[in-house]
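Visitor: This is a predicted model, with the sequence first.
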Amino acid sequence: MPTDPIKPVRPPARNVNSRRPISAAAALAEPPERQVFPPDEEPAFTRGPARRPTPVVADAVLQWASGLPTADRRVYAGWLIFPWERSEEVLTAWRDWTETTPDEVTSVGRILQLPPIELIPEPLRGRNIVIVEVAYLGDEESGRELLAPLVALEPEMSTVGMMPAAGLVRLHNDPEGHTPAIGDGAVIEALPDEAIETFVDVAGPGSGSPFISVELRQAGGALGRPAPGAGAASHLEGDFVMFSVGLPFSPDLAEALEAHLDVVADAMAPWKADQTYFNFAERAVDSESFYAGATHDRLREIRERFDPYELFHANQRIQPAGADW
């Protein structure tokens, strides 16, 4: 293979990321030479799960991790459903329960205002509820033991039981087709009683919330521990992740959703972590908030070295080191 340095194609006279014009001198200037790295010397720091694995790869990983063929892998999962008038009680008990769970458990505390549409099962259609959504990588006997404190709250309904691991993709019951939505989220450091009370005040009974779902996802565990070689986005620095979402069926509702995102964000600000979670950042934020410590500075240096003209575009921009636009 040739090892001579190659020169990148000269970019257009406009920065495609910032959408601000650059000077003619900068546009016509000869770009710096770019070094070609052998495969074993590529900058590993920026690598991450940028591409979705193929089903074959995903199946192989799951089989390797579990010691079982994918089709045989089962989990203990489902919903515990309560009237939303019990939101504060249920979410407080759920918070206490998350402090005792092993890494094999993940869960969500969620306030739902379900529309009266046929896609929703009749017992829940048009209702407001609070649920605990849980998934446990284990057997039914130990799962029942783990969930006992929540079951003791006497949910109105329960869908918890053994299910194929592949069924977890539908556990949250998100729409599977293209669906317009307005939402935003935040990493939450901790949930003291005051935070839960505030959360219910802005999302539960009497809040005027227009959201279909406002949720708190359990983090911590392995998600909260940096692992060796995990790359730039190695962990989340908070015990929970919050997300609010609604469907803009009309312009007025879209305005109400945007306005109530501010209400929720302002109310929960005392418990918000400095870090932002990529998947739940629906509004523009400073990209520095995605990374812990000096990671963002290092990413800017890497971008200056390998993509100074910002030919690669992302929703959340990382400027090259020294850029002032």
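Guide: Cool, the structure landed.
Visitor: and the gap between Glu176 and Leu247?
Guide: Using C-beta to C-beta, to the nearest Å, we find Glu176 at a distance of 14 Å from Leu247. Using the backbone N, CA and C atoms, a C-beta is placed for each residue, glycine as well.
Visitor: Looking at those two, which is more packed in?
Guide: Of the pair Glu176 and Leu247, Leu247 is the one with more neighbours under other C-beta atoms under 10 Å, namely 19 against 8.
Visitor: Help me confirm that the more buried one comes into contact with Ala181.
Guide: Yes: if you go by C-beta atoms under 8 Å, Leu247 and Ala181 touch, sitting 5.8 Å apart.
Visitor: so how many other residues sit close to Glu156?
Guide: 14.
Visitor: pretty sure it is in contact with Pro83, am I right?
Guide: Yes: judged on C-beta under 8 Å, Glu156 makes contact with Pro83 at a distance of 6.4 Å.
Visitor: which phi and psi does the residue nearest to Val245 when sequence neighbours are not counted have?
Guide: Residue nearest to Val245 in three dimensions, not counting chain neighbours: Gly183, with 3.3 Å by C-beta to C-beta, 6 or more residues apart in numbering. Dihedral pair for Gly183: phi -160, psi 180, per degrees, to the nearest 10.
Visitor: Gly183 and Val214: what is the separation?
Guide: The value you get for Gly183 to Val214, if C-beta to C-beta is used, is 9 Å.
Visitor: who touches both of those two?
Guide: Shared between the contact lists of Gly183 and Val214 (criterion: C-beta atoms under 8 Å, 6 or more residues apart in numbering) are residues Phe243, Ser244, Val245.
Visitor: In CSV, list the residues you listed along with secondary structure.
Guide: Shown next, in CSV, are these (DSSP: H, G, I helix; E, B strand; the rest coil):
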residue, secondary structure
Phe243, strand
Ser244, strand
Val245, strand
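Visitor: By neighbour count, which of those residues wins?
Guide: Result: Ser244 is most packed of the shared contacts of Gly183 and Val214 (other C-beta under 10 Å), 28 neighbours.
Visitor: isn't that one right up against Phe211?
Guide: Yes: with contact defined as C-beta under 8 Å, Ser244 reaches Phe211; the gap is 5.0 Å.
Visitor: Find residues that contact each of those two.
Guide: Listed as contacting both Ser244 and Phe211 by C-beta under 8 Å, 6+ apart are Gly183, Ala203, His260.
Visitor: top of these by neighbour count?
Guide: When those are compared by neighbour count (other C-beta under 10 Å), Ala203 ends up highest, at 30 neighbours.
Visitor: Next, the contact list for it, please.
Guide: Ala203 touches Ser87, Ile111, Ser209, Phe211, Val214, Ser244, Val264, counting by C-beta under 8 Å, 6+ apart.
Visitor: now with 7 Å?
Guide: For Ala203, the contact set (C-beta atoms under 7 Å, 6 or more residues apart in numbering) comprises Ile111, Ser209, Phe211, Val214, Val264.
Visitor: again, but for Arg86
Guide: Val130.
Visitor: Tell me the secondary structure at Met242.
Guide: Per three-state DSSP, Met242 ends up strand.
Visitor: mind checking pLDDT for it?
Guide: Looking at Met242, its pLDDT is 96.
Visitor: swap in the one 10 residues further on?
Guide: At Asp252, the pLDDT value in this model is 97.
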